[in-house]
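Enquirer: Structure for this input, please:
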Amino acid sequence: MARAEEIPGIASDLSFREAAARAIETRSEELFAHSEGVLDTEDIERVHAMRVATRRLRAVLEIFAPCFPSKEHGRVLKAVKRLADALGERRDPDVAIESLEGISAALPKEDRLGVSSLIGELRRVQHAGNEGLALELARVSEEGLHGWLMELADAAHLPDEAAVSDAVEDVALYPGEAVAS
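Expert: A predicted model of the protein is given here:
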């Protein structure tokens with residue numbers, strides 16, 4: 001499995017907001033570093049590494065959600081989820097093909113034909129998943145997901161008072177109580 005990058009500067013004396021900014025920056029860079037060659041169906045570990053990176057990024061986005069303007073956070077989280085779904089559509093047949101190839105190698109020659117047929121069908125599914133992933137990667141690039149993520153990190157770097165006044169519209173602090181900006 002792809003090893004997680006260490007988040008630089010994370011320490012117990014760091015504010016929650018600063019930890020959020022650093023985590024988003026690191027997990028974003030990690031995600032986009034894995035994008036090169038992800039459409040190569042001969043190297044299935046690339047898509048796996050990128051899919052794992054989306055899960056790590058999504059976790060960071062969810063954990064640190066209070067640090068970000070809710071509208072922008074929702075837009076980014078939705079885009080990361082779409083990318084993760086597209087990666088999953090591609091990754092699932094990769095895993096099945098790899099397993100079936102291992103099984104096929106252990107079978108007598110006369111029994112391999114059925115498994116080969118199933119692998120052929122899974123390759124078609126893999127190809128369709130790859131086409132969907134290519135479209136999603138183009139969408140991510142066109143929308144500027146990387147830039148959106150950096151904007152979230154920048155918002156978390158703001159002093160708490162400035163970020164809160166920008167981010168809070170009608171946030172319920174306690175049942176029946178709200179703060180208006």
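Enquirer: The helix or strand encompassing A156 packs against which elements?
Expert: Using DSSP states H and E, A156 sits in helix 145-157. In terms of contacts (3 or more Cβ pairs under 8 Å, 6 or more residues apart in numbering; DSSP states H and E), helix 145-157 is packed against helix 16-33, helix 70-106, helix 160-167. Backbone N, C-alpha and C define where each C-beta goes, glycine included.
Enquirer: hey, which of the ones you listed is tucked in deepest?
Expert: helix 16-33 (a mean of 20; mean count of other Cβ atoms under 10 Å).
Enquirer: counting contacts, what elements does that helix pack onto?
Expert: If contacts are counted by 3+ Cβ pairs under 8 Å, 6+ apart, helix 16-33 sits against helix 44-63, helix 145-157.
Enquirer: nearest to G120, of the ones you listed?
Expert: Among these, helix 44-63 comes nearest to G120, with 16.8 Å by Cβ to Cβ.
Enquirer: Using CSV, lay out the helices and strands packed on helix 16-33 together with distance to G102 and mean neighbour count.
Expert: Converted to CSV, those look like this (distance: least, Cβ to Cβ, whole Å; neighbours: other Cβ atoms under 10 Å):
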stretch, distance to G102, mean neighbour count
helix 44-63, 13, 19
helix 145-157, 36, 19
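Enquirer: would TSV of these with distance to V80 and mean pLDDT be doable?
Expert: Converted to TSV, the helices and strands packed on helix 16-33 look like this (distance: least, Cβ to Cβ, whole Å; pLDDT from 0 to 100):
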stretch	distance to V80	mean pLDDT
helix 44-63	5	96
helix 145-157	7	92
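Enquirer: between the ones you listed, which gets nearest to D13?
Expert: Here helix 145-157 is closest among those (Cβ to Cβ), at 16.3 Å.
Enquirer: Please work out which residues outside the helix holding A156 touch it.
Expert: 17-18, 20-22, 24-25, 28, 32, 57, 61, 64, 67-69, 72-73, 75-76, 79-80, 83, 140, 163, 166-167 (Cβ atoms under 8 Å, 6 or more residues apart in numbering).
Enquirer: can I assume G37 sits in a helix?
Expert: No - looking at G37 with DSSP: H, G, I helix; E, B strand; the rest coil, it is coil, so not inside a helix.
Enquirer: For the helices and strands packed on helix 145-157, which has the smallest mean pLDDT value?
Expert: If the helices and strands packed on helix 145-157 are sorted by mean pLDDT, helix 160-167 sits at the bottom with a mean of 47.
Enquirer: which element is R123 on?
Expert: Short version, using DSSP H and E: R123 is in helix 112-143.
Enquirer: Only the buried residues of that helix, if you could.
Expert: Across helix 112-143, burial judged by 16 or more other Cβ atoms under 10 Å covers 119, 122, 125-126, 129-130, 133, 136-137, 140.
Enquirer: ok, now how distant is the residue nearest the centre of the chain from I63?
Expert: Residue closest to the average C-alpha location in the chain (Cα atoms, centre = their mean): T54, at 1.6 Å. In this view, T54 and I63 are 15 Å apart by Cβ to Cβ, to the nearest Å.
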